[in-house]
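**Student:** Predicted coordinates and the sequence they were generated for:
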Amino acid sequence: MSYIEPKPLQKGDTIAFIAPAGCVIDKDAILRAKNYFEESGYKVLFSEHLFNQNKYMSDTDDNRLSDLHWAFSNPEIDAIICARGGYGCLRLIDKIDYSLIKNNPKIFCGYSDITILSAMFLKRANLITYSAPMCRSDFGREGASEENMLSDFTIKSFYKAVTGNELEFKAEKKYKTGNAEGITFGGNLASVVSLCGIDFIPDEDFIFFAEDLNEPVYKIDRMFTQLLNIDKFRQNVKGLILGDFLDSGYPEQLDELFCDIAKNLNIPAIGGFKITHNKDKITVPYGRYAKIDGETFTVMQP
């Protein structure tokens, strides 16, 4: 399969902020994110319905879809960063014009619920996207304490990824060492599992990366089991990259689960990566060729 690599981000490019999932309650955070990028040498455009609200989502399905299509079709826009996660992307996947996405490839960034769009863009539009920081929770941070300030670690990882560099990450945990190759696929585990029932799994070998938040160990077990019950998933997964599973409780049980999965599949599994809902996070290209070499996870340069 030939995947489409969007052009690298350059100073002077125009970035669109959209909200395809949850509603943006903290408008000030979005304005801080806008200010950050403008001070860094970029232009920023807001989608029409960015600050609207429809229950727990940013607007109706039609309006959120309209903003998504606008961001890809507008020739002035070079990159798209989602405002936040939450919920809503699953409601859009059967309505998206994937031909429009494929014919207008752009940098597309987000995590959490946005994982759903990254997975479907890869599957139906062949577009490489980014599991990457978002406007409200990352670029819009501000505070007197170190904990609430914009993360230098996150920013450096973001720019290194979206400007087309090779990325290398060292494991902090080793569940089963070994070598593996394939495209990067995965993201937020609960969001990936929500796609079960449709055709969303890559047709070639992949390295599955995963993280989640507020999910107890038995639910993480259940979600992995649901994926592993799919023949194509078991056949094509060649390695596991584990990020944070925040507030899961019983970390020893979680480590035992990952060891068991790796042993059962006979594939390498390494963890401790800052793929996370936390402040400090790495940006991982979604669909780019990568490899596991012992304790190292490398995403190759396009």
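**Tutor:** Received, thanks.
**Student:** Nearest spatial neighbour of the residue sitting nearest the centre point of the chain, chain-adjacent residues omitted?
**Tutor:** Of all residues in the chain, the one closest to the mean position by C-alpha atoms, centre = their mean is residue 131, 2.5 Å from it. Leaving aside its chain neighbours, residue 131 sits nearest to residue 284 (4.5 Å; criterion: C-beta to C-beta, 6 or more residues apart in numbering). From N, CA and C alone the C-beta is placed, and that goes for glycine too.
**Student:** For that neighbour, what are phi and psi?
**Tutor:** The phi and psi values for residue 284, taken as degrees, to the nearest 10, are phi -120, psi 120.
**Student:** ok, now residue 255?
**Tutor:** The phi/psi pair for residue 255 (degrees, to the nearest 10) is phi -60, psi -40.
**Student:** hang on, residue 215 in a helix?
**Tutor:** No. Residue 215 sits outside any helix when classified using DSSP: H, G, I helix; E, B strand; the rest coil, being coil.
**Student:** Tell me where the model's unsure across the stretch 1-150 of the chain.
**Tutor:** Applying pLDDT under 70 to the stretch 1-150 of the chain flags residues 143-147.
**Student:** now residue 100, what's its secondary structure?
**Tutor:** Following three-state DSSP, we place residue 100 in the helix state.
**Student:** what about it, how many residues close to it?
**Tutor:** Look at residue 100: counted by other C-beta atoms under 10 Å, it has 13 neighbours.
**Student:** how close does it sit to residue 122?
**Tutor:** Per C-beta to C-beta, to the nearest Å, residue 100 is found 16 Å from residue 122.
**Student:** just residue 49 next, same as before
**Tutor:** Residue 49 is 25 Å from residue 122, where distance means C-beta to C-beta.
**Student:** swap in residue 10?
**Tutor:** Counting by C-beta to C-beta, the gap from residue 10 to residue 122 is 24 Å.
**Student:** More neighbours: which of these two?
**Tutor:** residue 122 (23 against 12).
**Student:** residues in contact with that one?
**Tutor:** Counting by C-beta atoms under 8 Å, 6 or more residues apart in numbering, residue 122 touches 3, 128-129, 185, 202, 286-287.
**Student:** Check residue 95 too.
**Tutor:** Taking C-beta under 8 Å, 6+ apart, one finds 61, 65 in contact with residue 95.
**Student:** Could you look up the SS state of it?
**Tutor:** Quick answer, by three-state DSSP: residue 95 is coil.
**Student:** And the nearest residue in space to residue 196 that is not next to it in sequence, how far from residue 220?
**Tutor:** Take residue 196 and drop its neighbours on the chain: the residue closest to it by C-beta to C-beta, 6+ apart is residue 226, 5.9 Å away. According to C-beta to C-beta, residue 226 and residue 220 sit 11 Å apart.
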